[in-house]
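Peer 1: Below: sequence and its predicted model.
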Amino acid sequence: MKRAFLPFLFLALALLCGKAQAQEITFKATVDRNSFAVGENIKLVLTLSNAQGRFGDPDLGGLVIVQGPFESSAFNFINGKGSATISRTYLLTATQPGDYTIGPAKALVGGGSILTDPIKVHVEKGITSGNNSGLLNQQQKQDRDLFATITLSRNKCYVGEQVLATYTLYCRYGTLELNSYDLPKLTGFWAEEINMGNLEWETALQTVNGLQYRVAIIKKQLLFPQKAGKLRIDPATLKCVVNRSFFSRGADINVKSNAVELNVLELPPNKPADFTGAVGQLQMEVTTGATTVKANEAIDLKLRFSGRSNLKLLDAPKPGFPTDFEAYDPKVTDKVTVNAGGMSGSREFQYLVIPRHEGVYTMEPITFSYFDPEKGSYQQLTSGPLTFTVEKGDGSTGGAATISRPSRTDVQVLDRDIRYIRTGDLELEPLGHHLFGSWPYLTGMAAPALAFLILLGWRRKRDAEQADAMGMRRKGADKVARQRLKAASEALTKNDREGFYAAMSKALHGYVSDKFALGVAEVNAQVVREKFASLGEASEAYVKLMDACELARFAPFEDKPRQQVYDEAATLITRIEHDLRA
């Protein structure tokens, strides 16, 4: 019926457009996403614009049609210009992970043909929920027309291993409106939300004990347990309105899902020294921009970790840079994908390193250990040794700061050809009164010379201070720490937990680093105790505060209120600064 209507559609388009310019003929193929997991669906749409023609199905490259194809047509007429489109929609899925290519589709238009571009999609291994028939029977007994479930991809895992939690709604009512839902509070987990788009019913009905249900996935989460033991996830609650229509307000129904427990295993003992908590499957790539540089020139060192793991929780490794190298905090770049297949992608740490003296330096191999739950053992990634040749630096650099000064120009006098006659009160002085030889005259003559001497002394002092980079860094440690505490205060006001503890950790570590001219990577509990040994209990309080911030930064619990942490840090830094200057 639609194909019989198409000739009349395009005839109407030609009559309405009149002398308007012809629209461009296009034939495009699009998908709603290029990456998904086994068992999920993607939508493929073929669209022919501003032409009448026939087109066939493309080569799906191994993908399976779940539903379709469905055809539709549309016509628009705006500002004297008309356009018409014919669309064909497919719902596709994959039964195996891998890379697939949807081949070009071909449309026959006016004796010629148009091809779409091929489309590449990546299918990841899906995390399946296993057999949940017992759970469905349990929830169906509560309300056979409407119930919800929480399912986990596995019932047992290691600390840090990712587990998929799926919140599903089953409904037999004709209409349903989901007004709100409350997900349970996750205690002992670090969670990552999976973007599900708009809430929609699945295309296929599901049969439970002979009854057919419409099924909707409400939410999916990736859970990373942070401690061992039996962790419980409480039920989710939903507020729904069913059978609402023009003639009926419908009925309100509250739905409560099941609770689930996860048995979390402790990681094996004898953890490697370079293990920081990474769990999964990882690869490491180490690259450097140049291995031969001059003194005081920057070296760009990149460490890239890729694979399937808790990538967003990876800490920056601490390469063993030579003591003559000044290293800065690394820049972190994430390219992470989160879907039903898990968290995968890469996290890159970019280190800026500056060698201060010439010579040949060899770094020990960089190592990084992680736990592979599939193998049940720790795995270590190792780079090759890195050798850097540092040549003598240019005399123009010299490692000292360069001060730019404004250029001086002669004063130009403009419009000196006209002198105006002064009128009014001339403020004449009494006869015999002269400025020359008076105290104001002598003071004015001496003031420029005195000001010049003061300025010269101040300039020499400032140049000496700026030449002493380490001294400037130590002197400004308190000021820099307060700036970082200000960032923590702003995060506290915004209730930004992650930003607060990141800023607090940077302020505490950075203060010690600046005060004693250390690299940030060198600051640890032992160093703090050594440097603050003369301050008594303040050193131990400082270490405890650093540990508390680090723990709260990477774990889902806090041992004291954030305002108290902030107040203690500000007071402690002020006290230490006062004692060190005394």
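Peer 2: Received it, and whenever you're ready, just let me know what you need.
Peer 1: Just the C-alphas of the strand or helix carrying Leu231, formatted as CSV.
Peer 2: When secondary structure is defined by DSSP states H and E, Leu231 falls within strand 229-233. Extracted in CSV, the C-alpha atoms of strand 229-233 (Å, rounded to 0.1, in the frame of the first residue of the first chain):
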residue,chain,number,x,y,z
GLY,A,229,32.7,-10.7,52.8
LYS,A,230,29.0,-11.0,52.1
LEU,A,231,27.8,-7.7,50.7
ARG,A,232,24.0,-7.1,50.6
ILE,A,233,22.1,-5.0,48.1
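Peer 1: Can you tell me how far Tyr566 is from Gly134?
Peer 2: According to Cβ to Cβ, to the nearest Å, Tyr566 stands 49 Å off from Gly134. The C-beta positions use only the backbone N, C-alpha and C, and glycine is treated the same way.
Peer 1: re earlier: what is the strand holding Leu231 packed up against?
Peer 2: Other helices and strands packing on strand 229-233, by 3 or more Cβ pairs under 8 Å, 6 or more residues apart in numbering; DSSP states H and E, are strand 260-265.
Peer 1: what's Lys156 in contact with, if anything?
Peer 2: Listed by Cβ atoms under 8 Å, 6 or more residues apart in numbering, the contact partners of Lys156 are 262-265.
Peer 1: What's the ChimeraX syntax to select whichever of the residues you listed are buried?
Peer 2: Buried subset of these, written as a ChimeraX selection, criterion 16 or more other Cβ atoms under 10 Å:
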select :262,264
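Peer 1: what distance separates stretch 329-346 from the centre of its chain?
Peer 2: Here the centre of stretch 329-346 is set off from its chain's centre by 8 Å, with Cα atoms, centre = their mean, to the nearest Å.
Peer 1: what does it contact?
Peer 2: 35-40, 97, 124-127, 162, 164, 192-195, 220, 222, 303-312, 316, 347-352, 520.
Peer 1: what's the average pLDDT for whatever helix or strand comes next after the strand holding Leu231?
Peer 2: Using DSSP H and E, the helix or strand that follows strand 229-233 in sequence is strand 237-242. Averaging pLDDT along strand 237-242 gives 92.
Peer 1: sorry, back to before: rebuild the contacts of Lys156 as TSV, extending it with pLDDT.
Peer 2: Shown next, in TSV, are the contacts of Lys156 (pLDDT from 0 to 100):
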residue	pLDDT
Leu262	94
Asn263	95
Val264	93
Leu265	94
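Peer 1: Could you list the domains of the chain?
Peer 2: If you go by automatic domain parsing, the domain ranges for the chain are 2-124, 133-265, 276-391, 471-581.
Peer 1: Using JSON lines, lay out the ones you listed together with distance to Leu453.
Peer 2: Listed next are the domains of the chain as JSON lines, based on distance: least, Cβ to Cβ, whole Å:
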{"stretch": "domain 2-124", "distance to Leu453": "71"}
{"stretch": "domain 133-265", "distance to Leu453": "64"}
{"stretch": "domain 276-391", "distance to Leu453": "35"}
{"stretch": "domain 471-581", "distance to Leu453": "25"}
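Peer 1: before we move on, the earlier item: looking at Tyr566 and Gly134, which one has more neighbours?
Peer 2: Tyr566 (19 against 8; other Cβ atoms under 10 Å).
Peer 1: ok, now which ones touch the closest residue in space to Ala290 that isn't next to it in sequence?
Peer 2: Nearest residue to Ala290, sequence neighbours excluded (Cβ to Cβ, 6 or more residues apart in numbering): Ile299, at 6.7 Å. By Cβ under 8 Å, 6+ apart, the residues touching Ile299 are 288-290, 293, 325, 352-355, 388.
Peer 1: that older thread, can you go through the contacts of stretch 329-346 and name the buried ones?
Peer 2: Here, 16+ other Cβ under 10 Å leaves 36-38, 40, 124, 126-127, 162, 164, 192, 194, 220, 222, 303-311, 316, 347-351, 520 buried among the contacts of stretch 329-346.
Peer 1: Let me know the secondary structure of the residue nearest the centre of the chain.
Peer 2: With distances taken as Cα atoms, centre = their mean, Asp334 lies nearest the centre of the chain, 6.2 Å away. The local conformation at Asp334, judged by DSSP: H, G, I helix; E, B strand; the rest coil, is strand.
Peer 1: what do you get for Thr287?
Peer 2: Classification of Thr287 using three-state DSSP returns strand.
Peer 1: Could you do Gln563 as well?
Peer 2: Gln563, by the three-state scheme (three-state DSSP), is helix.
Peer 1: Please list all residues in contact with it.
Peer 2: Leu492.
Peer 1: count of neighbours near Asp99?
Peer 2: Neighbours around Asp99, by other Cβ under 10 Å: 10.
Peer 1: repeat for the one 3 residues further on
Peer 2: Other residues near Ile102 come to 23 when the count uses other Cβ under 10 Å.
Peer 1: If I look at the closest residue to it other than its chain neighbours, what pLDDT would I see?
Peer 2: Beyond its immediate neighbours in the sequence, the residue positioned closest to Ile102 (Cβ to Cβ, 6+ apart) is Ile119, lying 4.4 Å away. The per-residue pLDDT reported for Ile119 equals 93.
Peer 1: The one 5 residues further on too?
Peer 2: With respect to pLDDT, Glu124 scores 85.
Peer 1: hang on, the earlier thing: which one among the contacts of Ile299 gets closest to Phe516?
Peer 2: Of all the contacts of Ile299, Phe325 has the smallest distance to Phe516: 17.4 Å, by Cβ to Cβ.
Peer 1: Go ahead and confirm that closest one touches Gly359.
Peer 2: No: if you go by Cβ atoms under 8 Å, Phe325 and Gly359 don't touch, sitting 10.7 Å apart.
Peer 1: I'd like to know which of the domains of the chain lies nearest to Leu450.
Peer 2: Across these, closest to Leu450 is domain 471-581 (Cβ to Cβ), at 28.2 Å.
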